[in-house]
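> task: produce atomic coordinates for the following.
(2 chains)
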Amino acid sequence: DVKVTQSSRYLVKRTGEKVFLECVQDMDHENMFWYRQDPGLGLRLIYFSYDVKMKEKGDIPEGYSVSREKKERFSLILESASTNQTSMYLCASSLLEYGYTFGSGTRLTVV
Amino acid sequence: GENVEQHPSTLSVQEGDSAVIKCTYSDSASNYFPWYKQELGKGPQLIIDIRSNVGEKKDQRIAVTLNKTAKHFSLHITETQPEDSAVYFCADLNDYKLSFGAGTTVTVRA
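From the prediction side, this is the model:
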């Protein structure tokens, strides 16, 4: 089974801090995605990547950036954390356009 | 998600009864429709999916139907059990990306 691992289950950060959320997948998938999940809004796509060094904006990229230096690792960066970025963050990977596998999520609280 | 509407937002059913969740999409080019189940403290897991060349697909107690003309698809869970309690998300594939519905919280009453 494909495993997608997110480095932290829970994080508490202060407003203005630079925050890194890490995601690693172990099945050589080309595609990786970052979503945020908020009650009543479902999952919204922040950024995605189809290959190493590639990145594309999703539906809500403002306030975020990403890095994909290696195929298995996709990092989400909050340049200056704000309270409205308190959320559950989910990473996913896929080999083709089907069959996303999600990590367990990182619940980020910005105080 | 922007392109997918999901109803209802909450659903409470008696154990043994059926549960139905409905989604509509807007882009006629969408051709893949997965359903995900998210249990507490876990990421979403794919439970069933359907492609646009198929009208219905069944896997044990779970079935999905697709009406391309009306642009809607539904998840049917029969003989519900307590372990079916979870949040369910529908999604559609658009331009190689999945767009998700807002989710349905299903509670199965014993």
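> you'd agree residue B:83 is in a strand?
No: using DSSP: H, G, I helix; E, B strand; the rest coil, the assignment for residue B:83 is helix, not a strand.
> quick one: residue A:25 and residue A:93 touch, right?
Yes: between residue A:25 and residue A:93 there is a contact at 4.0 Å, judged by CB atoms under 8 Å. From N, CA and C alone the C-beta is placed, and that goes for glycine too.
> which residues do the two both contact?
A:2, A:4, A:32, A:74, A:101 (CB atoms under 8 Å, 6 or more residues apart in numbering or on different chains).
> dump the residue contacts of the residue lying closest to the third one once chain neighbours are set aside.
I take that to be residue A:32. Closest residue to residue A:32 apart from its sequence neighbours, by CB to CB, 6 or more residues apart in numbering or on different chains: residue A:74 at 3.9 Å. Counting by CB under 8 Å, 6+ apart, residue A:74 touches A:23, A:25, A:32, A:33, A:34, A:49, A:66, A:67, A:68, A:91, A:93.
> tell me which element the fifth one falls in.
Right, the one you point to is residue A:34. Assigned by DSSP states H and E, residue A:34 belongs to strand A:31-38.
> show me what that strand is packed up against.
Judged by 3 or more CB pairs under 8 Å, 6 or more residues apart in numbering or on different chains; DSSP states H and E, the packing partners of strand A:31-38 are strand A:19-25, strand A:42-49, strand A:64-70, strand A:73-78, strand A:87-94, strand B:97-100.
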